[in-house]
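Asks: What follows is a protein structure lacking sequence information:
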């Protein structure tokens, strides 16, 4: 077991780089359908297609009991009153939980119980951990003025299911209200 | 699922405190049998019984796919040429891996494959992750001059098996040699 690569890995909390690992990079155009304010989104896209976030991961082994981790970086910014966000996902293996650890900047996570639709907004900051239970859709947002970076640690067999979210989105929506991130109901949100 | 406590937890990288969680605190007298240089150990104990390390953990849920994490702090110091160390353990559920993330200070980890006895010494520093595969005994040492703190993330069902280590110890031993932590064979070490 000790012969496997990646026993030791280095991440850079300021750039979101993870050793020489290729990062998934999502630009604004990749996030069609995520923002509730469609007019603000289309208008932002006319001005350019900036990087919104990147994720790089290390998965040293794939057996039962194995783990992986990733580093995420979300560029600060907003589309209308909505913050730069990740696409969000459920784990393909639904029981898989995940720990998020804030490294720099100021974030929030939107958690949604798949079975009940119950939502919760939880802050994500340095020296804090957010627990994402199994069966819970999760999306991360940068609600600050500097890059948000964080680690996510998960069972190696977790996998990603983006389809369920792409189809019906999250029920909740985090918008700026009075200068603060605020959880509102997507269905009743009027931009 | 979102109603569970401990969705959000805070840790302090300078003190090793984790919210209001009780910490396991190991003093020098608790580490009988860990140090190879028995004379140096007994002599140190005559001078006092200082704190060597503390660990506190959060385990929000215990199902399949759930995770826990802990923060460890090892006080700097040596006993003879051996560094302050943890007792070390295997996971009771052997396939369980663990990620360690260095927060502050300078550490090394000693990994030993249970099946083959093969050993490996890996450094543990801020912005670095050490992967402990399943079936691997692991012990952490502070090889620097300031407190070493780190996070460990593991499957919730991992558990601890201290007995196997207490019985036969690690085959390897990390000692200071020429000012550097050096992995040597315990059986052939002469203090």
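Replies: Sure, I can see it. As the structure is a prediction and not an experimental result, all values here were calculated from the model. Numbering: from 1, shown residues only, chains lettered A, B, ... in the order given.
Asks: what secondary structure does residue A:166 sit in?
Replies: Following DSSP: H, G, I helix; E, B strand; the rest coil, we place residue A:166 in the helix state.
Asks: Pull the number of nearby residues for it.
Replies: Using other CB atoms under 10 Å in any protein chain shown, residue A:166 has 14 other residues around it. The way it works is simple: take the backbone N, C-alpha and C, and place the C-beta from them, glycine included.
Asks: That one and chain B: what is the separation?
Replies: Residue A:166 sits 22 Å away from chain B, going by CB to the nearest CB, to the nearest Å.
Asks: Quick check: that residue vs residue A:90, distance?
Replies: Remark: distance between residue A:166 and residue A:90 (CB to CB, to the nearest Å) = 11 Å.
Asks: repeat for residue A:165
Replies: As for residue A:165, its distance to residue A:90 is 7 Å (criterion: CB to CB).
Asks: Which residues are in contact with each of those two?
Replies: Common neighbours of residue A:165 and residue A:90 (criterion: CB atoms under 8 Å, 6 or more residues apart in numbering or on different chains): residue A:137.
Asks: looking at chain A, which helix or strand does the model trust least?
Replies: helix A:163-168 (a mean of 82; mean pLDDT, DSSP states H and E).
Asks: Which strands or helices does it pack on?
Replies: With contacts taken as 3 or more CB pairs under 8 Å, 6 or more residues apart in numbering or on different chains; DSSP states H and E, helix A:163-168 sits against strand A:136-142.
Asks: Contacts for the strand it packs on next, please.
Replies: A:72, A:74-77, A:83-90, A:98, A:100, A:105-114, A:124, A:132, A:148, A:150, A:164-165, A:170, A:174, A:181, B:1-2.
Asks: give me the beta-bridge partners of residue A:130?
Replies: For residue A:130, the beta-bridge partners under DSSP bridges are residue A:100, residue B:8.
Asks: What about it, how many residues nearby?
Replies: 24.
Asks: again, but for residue A:153
Replies: Neighbours of residue A:153 using other CB under 10 Å come to 24.
Asks: What about the contacts of strand A:136-142, which are in strands?
Replies: A:72, A:74, A:83, A:98, A:100, A:107-113, A:124, A:132, A:148, A:150, A:174, A:181 (DSSP state E).
Asks: Near the spatially closest residue to residue A:182 that is not a sequence neighbour, how many other residues are there?
Replies: Nearest non-adjacent residue to residue A:182, counting by CB to CB, 6 or more residues apart in numbering or on different chains: residue A:175, 5.8 Å away. Neighbour count for residue A:175, taken as other CB under 10 Å: 19.
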